[in-house]
Structures are given as C-alpha cells and as structure tokens.
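Colleague: what follows is a predicted structure for the sequence shown.
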Amino acid sequence: MKTRATPLSAVRQTLDYLRQCRSARAADFPVAFTTDPSWLVQMAINRRAGWPDDPTHSRGSCMPVNGRYPRKAEGLEYGHLRGIAREVNTPRLVVHVARLGEHRWLVRRMPWRFET
C-alpha cells in the first residue's frame, strides 16, 4: 500500500512563509506589506480578533467601532482631502471651487486660494 504525502497544513505554510520573509528582510531585500513579517503577524492578530479588513483599502485593518469603521479609516473622504491639500499647496496651480466637492468649507477658510 502506497502512503500519500500529506500536504502541509495552512498554519505550517504560514509559519514557513513568515520565516522566509524574516530572513529576506534580515538580508536587506526590499520589504512590502505582503513580505513584512511584523505587518503580516499584526494582520493575523486583527483578523483573529474579528476585525474585518478595511473595505476601501486592499491592505490593512482597523478596529471597527460599533460594527462600522471610523470615517478616517474609510479612506475615501480623507484621500480626497489630501489631494485637495496637495493641489492647494502647489505653487501657481489654479484650484477651482468645483474641485472641492464635500470640502467646500475650505472656501470660507481661505477664499483667496480658489478660483470660482
């Protein structure tokens, strides 16, 4: 009777992968989210704690509050605000009010910076 080689368990494969990532980082290979062992362990802890991944980002998780993500963690509104801030702070770049969207409150704060 032939014995079939049993495949490695998912836990064993994960631990082997983390060891490979750790040795690669120690050898000064470039580290990304998916190859950073400390980030991977933190993600595993978050998932085990029941924190789902952030729905608007492909990488990362945060603690949901009352079953919902904090607004800052959702990313879309704050990403848009970061883009506006970059444009506003770029010299000689004309920023139109129509570009502001939900951040029209900025016109009241610094009306000299926006073109109507």
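Modeller: Nice, I can see it. For clarity, every value in this text was computed on a predicted model and none was experimentally measured.
Colleague: in contact with Met110, which residues?
Modeller: Taking CB atoms under 8 Å, 6 or more residues apart in numbering, we find Met110 in contact with Val88. Bear in mind the C-beta positions are built from the backbone N, C-alpha and C, glycine included.
Colleague: from Ala85, how far out is it?
Modeller: If you measure Met110 against Ala85 using CB to CB, to the nearest Å, the figure is 11 Å.
Colleague: same question for Gln42.
Modeller: Distance from Gln42 to Ala85, by CB to CB: 28 Å.
Colleague: is it correct that Leu18 is in contact with Trp39?
Modeller: No - taking CB atoms under 8 Å as the definition, Leu18 is not a contact partner of Trp39, at 10.7 Å.
Colleague: how many residues are close by Val97?
Modeller: 13 (other CB atoms under 10 Å).
Colleague: list the contacts of it.
Modeller: Contacts of Val97 by CB under 8 Å, 6+ apart are Arg104, Val107, Phe114, Glu115, Thr116.
Colleague: tell me the domain boundaries of this protein?
Modeller: According to automatic domain parsing, the chain is divided into the following domains: 10-69, 76-115.
Colleague: dump those to a markdown table, plus mean pLDDT.
Modeller: Shown next, in a markdown table, are the domains of the chain (pLDDT from 0 to 100):
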| stretch | mean pLDDT |
| --- | --- |
| domain 10-69 | 74 |
| domain 76-115 | 85 |
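Colleague: counting contacts, what elements does the helix or strand encompassing Val11 pack onto?
Modeller: For Val11, the enclosing helix or strand under DSSP states H and E is helix 10-26. In terms of contacts (3 or more CB pairs under 8 Å, 6 or more residues apart in numbering; DSSP states H and E), helix 10-26 is packed against helix 37-48.
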